[in-house]
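A.B. asks: Below is the sequence, then the predicted model.
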Amino acid sequence: MTIYTIGYGGRSPQDFIDTLCQKGIKTIVDVRLRPDHAHMGLFKKSKSPDDGIQGLLAKVNIGYVSLIELGNIFMEYEDWSDRYTRLLDSAGELLIERLQNVPEPYCLLCAEKSAPECHRYLISEYLIRKGHEIEHL
């Protein structure tokens, strides 16, 4: 199974949705530490499932799951990438456990447009080591 990743930074809502639909994504897995504090309001996790990112995705029948345990708790550090990698190396199985119950195909979501500059890239590298295929959208 291929696992996808996407960053919404620099994308219009329509481009974002079109990209997901072209790949047949059934579920967005939000890996942001604070999905309720998005810089672009439309991509913000809302209290109501009809608003924010949940509402945007619901219009095209894509589910939404927030896994804040996969959020980057080290983003304030200059060496965040090394720290996050060490976290995955020590607790990765526990951190990705809930992914087993997510309807496939799913796509990991964060704000950063460029996957290599985002912690979702480190998550994907961990998943590759576990035998998954990854495609960054």
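C.D. replies: That came in fine, so what should we check first?

A.B. asks: only C-alpha atoms for contact and neighbour calcs from this point on.
C.D. replies: Will do.

A.B. asks: Tell me the residue in this structure that is farthest from the middle.
C.D. replies: Distance from the C-alpha centroid of the chain peaks at residue 78, with 21.6 Å (CA atoms, centre = their mean).

A.B. asks: in what helix or strand does it lie?
C.D. replies: Using DSSP states H and E, residue 78 sits in no helix or strand.

A.B. asks: which residues sit in contact with it?
C.D. replies: Contact analysis of residue 78 by CA atoms under 8 Å, 6 or more residues apart in numbering lists nothing.

A.B. asks: So it versus residue 69, what's the distance?
C.D. replies: 21 Å (CA to CA, to the nearest Å).

A.B. asks: Okay, now the unreliable bits of this structure?
C.D. replies: 38-41, 47-51 (pLDDT under 70).

A.B. asks: can you pull out the helices in it?
C.D. replies: 13-22, 52-58, 80-96, 119-129 (DSSP state H).

A.B. asks: Leaving out sequence neighbours, find the closest residue to the residue minimising distance to the centre of the chain.
C.D. replies: With distances taken as CA atoms, centre = their mean, residue 109 lies nearest the centre of the chain, 2.2 Å away. The spatially closest residue to residue 109, leaving aside those adjacent along the chain, is residue 30, at 4.7 Å (CA to CA, 6 or more residues apart in numbering).
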